[in-house]
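Asks: Sequence and predicted structure, then a few things I'm wondering about:
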Amino acid sequence: MRLAEGAAAIREDLPLSAVVVDVPSEAGTDEGSTVLRLSSLRQVRDAQLTALATLSGVAITIGGDCGVELASIQYAAANNGAMAVVWIDAHADLNAPAESPSGAFHGMVLRTLLGDGPEALVPGSPLSPGRVILAGTRALDDGELAYIENTNMPLIAPDALDTDSLTAALAASGATSVYLHIDLDVLDPAEFSSLGYPEPFGVSLSTLLAVIAAAKAALPLAGAAVTEFAPASPDAAADDQVTILRIIGALAS
């Protein structure tokens, strides 16, 4: 079991009203770009945007990998004013297509939302770096580090992440709403094992839940996502689903 099966396992615990977005069964092509499966990425983005347009209230997206954020954040930003994005993730996902070591879009999605990505996927109104907060991020490529430094993007390391540091960063952003991106690899792998790309020295579940509550207390929630649940087996999925349900509950409460 990996990402698709992980998402399906979460779906079993969600309300019947949850909307399922079908993804292409074929891998797709790169369309002459350096981005793998670009044609499928466009199809999934368009299908997500169509599904999101049918919903009322705050949408919580369940991945899949972080690529699902392309549509979810684009939609939330279009329907909320000065929106901050808190990127709670072990990885920044700030690779430019030409710099990506893998060509996998999930490592480029935030850079694309900021206006620097595959032309076919860049949103019409990109995010502002000053309203993106990296939280719990600890695995960065050289190009990502340079981008963070050049744009003065706020970064809160795992050992500095708490309710006070996040609330201060949100206040400094000047935002009037907040979107919470949660890649489960932000958690320490000693606490949560169903990960495709685990990174040591992550945050605890208690810290993550406290940060979610603090963000929601500081600003109205514009949207959220939980991504990258990649259990190796049904038993592993069952072990870690309790943690995921607590996170979803914190977002939805």
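Replies: Structure received.
Asks: And the strands in the stretch 51-200 of the chain?
Replies: Using DSSP state E, counting those that start in this stretch, the strands of the stretch 51-200 of the chain run over 60-62, 83-88, 132-135, 155-156, 177-183.
Asks: Which strands or helices does the fourth one pack on?
Replies: Taking 3 or more CB pairs under 8 Å, 6 or more residues apart in numbering; DSSP states H and E as the contact definition, the neighbouring helices and strands of strand 155-156 are strand 132-135, helix 163-173. (Each C-beta comes from the backbone N, C-alpha and C, glycine too.)
Asks: for it, the distance to its chain's centre please.
Replies: Put simply, strand 155-156 sits 16 Å off its chain's centre (CA atoms, centre = their mean, to the nearest Å).
Asks: hey, where'd the helices end up in this structure?
Replies: Using DSSP state H, the helices of the chain run over 3-11, 38-52, 69-78, 109-113, 142-151, 163-173, 205-218, 234-252.
Asks: how about the helices and strands packed on strand 155-156 in CSV, adding distance to R111 and mean neighbour count?
Replies: Shown next, in CSV, are those (distance: least, CB to CB, whole Å; neighbours: other CB atoms under 10 Å):
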stretch, distance to R111, mean neighbour count
strand 132-135, 10, 25
helix 163-173, 19, 17
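Asks: Turn these into CSV, including mean pLDDT.
Replies: Converted to CSV, these look like this (pLDDT from 0 to 100):
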stretch, mean pLDDT
strand 132-135, 99
helix 163-173, 99
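Asks: Tell me which of those lies nearest to M153.
Replies: Ranking the helices and strands packed on strand 155-156 by distance to M153, with CB to CB as the measure, places strand 132-135 first at 5.8 Å.
Asks: Grab the most central residue of this protein for me.
Replies: Geometric centre of the chain, nearest residue: H181, 3.8 Å, by CA atoms, centre = their mean.
Asks: what's across from it in the sheet?
Replies: W87, A225 (DSSP bridges).
Asks: ok, it to T61 distance?
Replies: 9 Å (CB to CB, to the nearest Å).
Asks: anything in contact with each of the two?
Replies: Common contacts of H181 and T61 (CB atoms under 8 Å, 6 or more residues apart in numbering): E69, A224, A225, T227.
Asks: Do I have it right that the first one meets T227?
Replies: Yes: shown here, E69 and T227 form a contact pair, counting by CB atoms under 8 Å, at 7.2 Å.
Asks: ok, those two, which is more surrounded?
Replies: E69 (29 against 26; other CB atoms under 10 Å).
Asks: Point out where the chain drops to low pLDDT.
Replies: Scanning the chain for pLDDT under 70 picks out the ranges 1.
Asks: Let me see the contact set for E228.
Replies: Applying CB under 8 Å, 6+ apart to E228 gives the contacts L3, G63, G64, D65, C66, D183, L184, D185, L195, G196, Y197.
Asks: Format the residues you listed as JSON lines; extra columns: distance to D162 and neighbour count.
Replies: JSON lines is the format used below for the contacts of E228 (distance: CB to CB, whole Å; neighbours: other CB atoms under 10 Å):
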{"residue": "L3", "distance to D162": "30", "neighbour count": "17"}
{"residue": "G63", "distance to D162": "26", "neighbour count": "25"}
{"residue": "G64", "distance to D162": "29", "neighbour count": "22"}
{"residue": "D65", "distance to D162": "27", "neighbour count": "22"}
{"residue": "C66", "distance to D162": "24", "neighbour count": "25"}
{"residue": "D183", "distance to D162": "19", "neighbour count": "26"}
{"residue": "L184", "distance to D162": "19", "neighbour count": "27"}
{"residue": "D185", "distance to D162": "19", "neighbour count": "27"}
{"residue": "L195", "distance to D162": "23", "neighbour count": "22"}
{"residue": "G196", "distance to D162": "27", "neighbour count": "16"}
{"residue": "Y197", "distance to D162": "24", "neighbour count": "15"}
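Asks: Good, wrapping up.
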